[in-house]
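K.L.:
Okay, predicted coordinates and the sequence, questions at the end:
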Amino acid sequence: MVGRGLSWAGDAAFAFGARSANLAGIIALAPAAAPERQIGLSDIAQSAAQARALVAAGRGNETANFVDRNVGGTFSVRTMATIYLSYLDPQGPANTLDSVRKLHAPLLWVAGSADPSQTGANAEFNRAPANPLNRWFVTGAMGAHLPRLLEIAGASTTAAIAAALVGPAQVAARLVEFGALRMVHPLVSTRLAALLHPIGAAILGLIGPGAITAFAVLHGAGNGLLTIAKGTVPLAIFGPVGYGLRSGILGAPARATQAASPLLFGLLMDHMGIGVLAISAGLSLSAFFALLMLRARLTAAPAPA
């Protein structure tokens, strides 16, 4: 059984996973509650104090008006003080950091690069117990602009539905990774992943709109493999000692770049049209050549100081 949730339900999946030892995994899609972060907002702090006062007075089961928030701003909710605190008390069961630290199963955390609710989420992901199957996945520039990019490439509105193949291609590539590619070194599959987007871009550039489906599948497959590589390559090269810290240090530049990528890619697409794929393909090829320079270590490296 897998625990899965989106936004508030993502935090519920954390809480469930922290209390369940027999889960196969936890999938959190932009988990957004994090009362330990929200309590720093004055309106939430005031409502939490109001709820605590009601509980202390023996009136925790009475309904009252409290403030809640989402990405669009604040709004009023009417509920019991005990229920409000179960969501927004940092000392309660919804505390994301406490739950993540106590997970028993591997964690897949999916965050949008431009999603303000995911600010600081990567630091909480890195507090999860070390597991080679843990994955931090960020949707960024290409995912945000792919439908428009395909239309610029000459696709009709119907043909642009090919963008929907990206997700299935990601899943299929991960199944191949766990199957046929399981016996090869992670660097091999990562190099392959870095090549798939440039290959798709080259096919699209040479053939035109008729190759849109091929581009979407190759791009999705490469993205799916890279999601796994983020966890397996550092483990294979440096070993398990200091794995969490190393992963965080290595991932920090990528997180910063991904935060800016939707805006930068959109601006480039406005000026270059379909030619923007030359930029993205070039970046992927530079990653491929950098990966060619890496060699697997036979022994684990010492922990970072």
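P.N.:
That came in fine, so what should we check first?
K.L.:
Against Asn95, how distant is Ser117?
P.N.:
16 Å (CB to CB, to the nearest Å). Every C-beta, even on glycine, is put in place using the N, C-alpha and C of the backbone.
K.L.:
do Gly275 as well
P.N.:
Relative to Asn95, Gly275 is positioned 48 Å away (criterion: CB to CB).
K.L.:
where are the low-confidence patches of the stretch 51-200 of the chain?
P.N.:
Applying pLDDT under 70 to the stretch 51-200 of the chain flags the ranges 71-72, 112-116, 138-167, 170, 174, 181-182.
K.L.:
picking up where we left off before, of Gly275 and Asn95, who's got more company?
P.N.:
Asn95 (22 against 12; other CB atoms under 10 Å).
K.L.:
phi, psi of that one?
P.N.:
Main-chain dihedrals, Asn95, degrees, to the nearest 10: phi -60, psi 110.
K.L.:
Next: Met80.
P.N.:
Torsion angles, degrees, to the nearest 10, at Met80: phi -70, psi 150.
K.L.:
Mind listing the residues bridging to it?
P.N.:
Using DSSP bridges, the bridge partners assigned to Met80 are Thr63.
K.L.:
Neighbours of it, how many?
P.N.:
Neighbours of Met80 using other CB under 10 Å come to 18.
K.L.:
hang on, isn't it packed against Asn65?
P.N.:
No. The criterion here is CB atoms under 8 Å, and Met80 misses it with Asn65 at 11.6 Å.
K.L.:
how about the strands in the stretch 1-150 of the chain?
P.N.:
2-6, 25-29, 63-70, 73-80, 107-112, 135-139 (DSSP state E, counting those that start in this stretch).
K.L.:
Can you list the strands that the first one pairs with?
P.N.:
To tie it back to what came earlier, the one meant is strand 2-6. strand 25-29 (parallel).
K.L.:
I'd like the mean pLDDT over the partner strand, please.
P.N.:
Across strand 25-29, the average pLDDT comes to 86.
K.L.:
okay, the angle between it and strand 107-112?
P.N.:
With axes from the mean of the first three to the mean of the last three CA atoms, to 10 degrees as the basis, strand 25-29 and strand 107-112 are set at 10 degrees to each other.
K.L.:
can you list contacts of strand 25-29?
P.N.:
Strand 25-29 has contacts (CB atoms under 8 Å, 6 or more residues apart in numbering) with 2-7, 10-11, 13-14, 17, 103, 105-110, 133.
K.L.:
can you do 10 Å?
P.N.:
1-7, 9-14, 16-18, 20, 96, 99-100, 103-112, 121, 124-125, 128, 131, 133-135, 137 (CB atoms under 10 Å, 6 or more residues apart in numbering).
K.L.:
Any chance of a ChimeraX selection covering the buried ones in these?
P.N.:
Command for ChimeraX, covering only those of these found buried under the criterion 16 or more other CB atoms under 10 Å:
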select :3,4,5,7,9,10,11,12,13,14,16,17,18,96,99,100,103,105,106,107,108,109,110,111,112,121,124,125,128,134,135,137
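K.L.:
burial of the closest residue to Ala48 other than its chain neighbours, as a residue count?
P.N.:
Nearest in space to Ala48, with sequence neighbours left out and distances taken as CB to CB, 6 or more residues apart in numbering, is Leu88 at 5.7 Å. If you count neighbours by other CB under 10 Å, Leu88 ends up with 24.
K.L.:
Surely Leu88 touches Ala32?
P.N.:
No. Applying CB atoms under 10 Å as the test, Leu88 and Ala32 come out as separate, 11.9 Å apart.
K.L.:
how near is Leu225 to Ile279?
P.N.:
Distance from Leu225 to Ile279, by CB to CB: 21 Å.
K.L.:
So these two - more neighbours on which side?
P.N.:
Leu225 (24 against 15).
K.L.:
shouldn't Asn95 be in contact with Leu85?
P.N.:
No. In this structure, Asn95 is not within contact of Leu85 by CB under 10 Å, at 11.5 Å.
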